[in-house]
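*Asks:* Sharing a sequence plus its predicted fold:
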Amino acid sequence: MQLRYDVNGEPALTCSAFLTDYAPGPIRVEPLRNFPVIRDLVVEIGDFHAQAADRQAWLVREEHQPLDLGEYLQTPAQMDEYTQFSMCINCMLCYSACPVYGLDPDFVGPAAIALAQRYNLDSRDQGAHERRDVLNTAEGVWRAPSSGNATTACPKGVDPAGAIQRLKLSTALDSVRSLLFPGVHDDLPGPGLRLPTALVSTPTLHLLVLRAAVLPAVRGCAS
Ligand code: SF4
């Protein structure tokens, strides 16, 4: 059972924390911020599990290969693409640290986006376009801040902020592609959301792409 609270104003997984980390004190323990309090230190987090269903947080296959062909095989490199995002333990600390979620409970939130990205990056998955329809919205990735608080708060090194930035870029590029090649986009099997890590980890390239082409398209989609 996970124990998560605000400790001295910061979200913390207290079942794995040491008192020495907070020495010499004092220590102030409060309910996890941004969630409705049921009683005392107990908060309601059921919202996240409902959202996971909306994001189709599972492997989606449009075409199923015959059973006699066995499992859907994957190389170690393909597995490395999404492994980090699969380490989420649903502790909700990133939601507590997120300034937007505190103001807008309809925001899908950092862990749900990281979970969607976990499946988008899985070579066996074919559901990226369906998730894009949910995430490429005002309450989806475009509502997410660029503060990085979610990643700082995560005790498992999941990097929800990185997932959000990657999805912002890939959904924006998908929007541009849809404008340039209407009708072609939906026939593609989903690689538009699988940008190479080297590409999406280049901040300068992000800025160039966003400034040159993507932002006008995004504004158009949002209006
Ligand atoms: S992404 Fe990290 S902080 Fe957020 S729910 Fe998952 S494990 Fe917890």
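*Replies:* Right, received. Where do you want to start?
*Asks:* For this protein, list the residues in contact with the ligand, please.
*Replies:* By Cβ under 6 Å from any ligand atom, the residues of the chain that approach the ligand are 88-94, 110-111, 114, 153-154, 156, 158, 160. (C-beta placed from N, C-alpha, C; glycine too.)
*Asks:* from those residues, which ones fall inside helices?
*Replies:* Secondary structure from DSSP state H places 93, 94, 110, 111, 114, 153, 160 of those in helices.
*Asks:* Neighbour count added to the residues you listed, as CSV?
*Replies:* Conversion of these to CSV gives the following (neighbours: other Cβ atoms under 10 Å):
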residue, neighbour count
93, 27
94, 28
110, 30
111, 27
114, 28
153, 22
160, 28
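*Asks:* quick one: low-confidence parts of the chain?
*Replies:* By pLDDT under 70, the low-scoring segments of the chain are 47-54, 183-223.
*Asks:* Can you show me the helices along it?
*Replies:* Under DSSP H, the chain gives helices at 46-54, 76-83, 93-97, 99-103, 110-120, 128-135, 149-153, 160-180, 197-200, 203-209, 215-222.
*Asks:* With residue 17 as the reference, name the closest of these.
*Replies:* Smallest distance to residue 17 across these (Cβ to Cβ): 11.4 Å, for helix 93-97.
*Asks:* ok, the most far-flung residue of the chain relative to its centre to residue 174 distance?
*Replies:* Computed with Cα atoms, centre = their mean, the residue of the chain farthest from its C-alpha average is residue 24, at 35.9 Å. Separation of residue 24 from residue 174 (Cβ to Cβ, to the nearest Å): 53 Å.
*Asks:* Then residue 74?
*Replies:* Residue 74 is 24 Å from residue 174, by Cβ to Cβ.
*Asks:* swap in residue 4?
*Replies:* 35 Å.
*Asks:* of these two, who's got more company?
*Replies:* residue 4 (23 against 20; other Cβ atoms under 10 Å).
*Asks:* Show me what that one bridges to in the sheet.
*Replies:* residue 13 (DSSP bridges).
*Asks:* I'd assumed residue 16 was in contact with it.
*Replies:* No: if you go by Cβ atoms under 8 Å, residue 4 and residue 16 don't touch, sitting 10.0 Å apart.
*Asks:* List the buried residues of stretch 132-147.
*Replies:* By 16 or more other Cβ atoms under 10 Å, the buried positions in stretch 132-147 come out as 132, 134, 135, 136, 139, 140, 141, 142, 143, 144.
*Asks:* Could you find the closest non-adjacent residue to the first one?
*Replies:* Right, residue 132. Distances taken as Cβ to Cβ, 6 or more residues apart in numbering put residue 171 closest to residue 132, at 5.7 Å, once the chain neighbours are dropped.
*Asks:* which residues touch the one you found?
*Replies:* Residue 171 makes contact with 132, 135, 136, 141, 193, according to Cβ atoms under 8 Å, 6 or more residues apart in numbering.
*Asks:* And residue 20, how far from residue 8?
*Replies:* In terms of Cβ to Cβ, residue 20 sits 14 Å off from residue 8.
*Asks:* So for these two, which residue has more residues nearby?
*Replies:* Neighbours were counted for residue 20 and for residue 8 using other Cβ under 10 Å; residue 8 has more, 12 against 7.
*Asks:* Quick check, residue 6 in contact with residue 31.
*Replies:* Yes: checked against Cβ under 8 Å, the pair residue 6 and residue 31 is within contact range at 6.8 Å.
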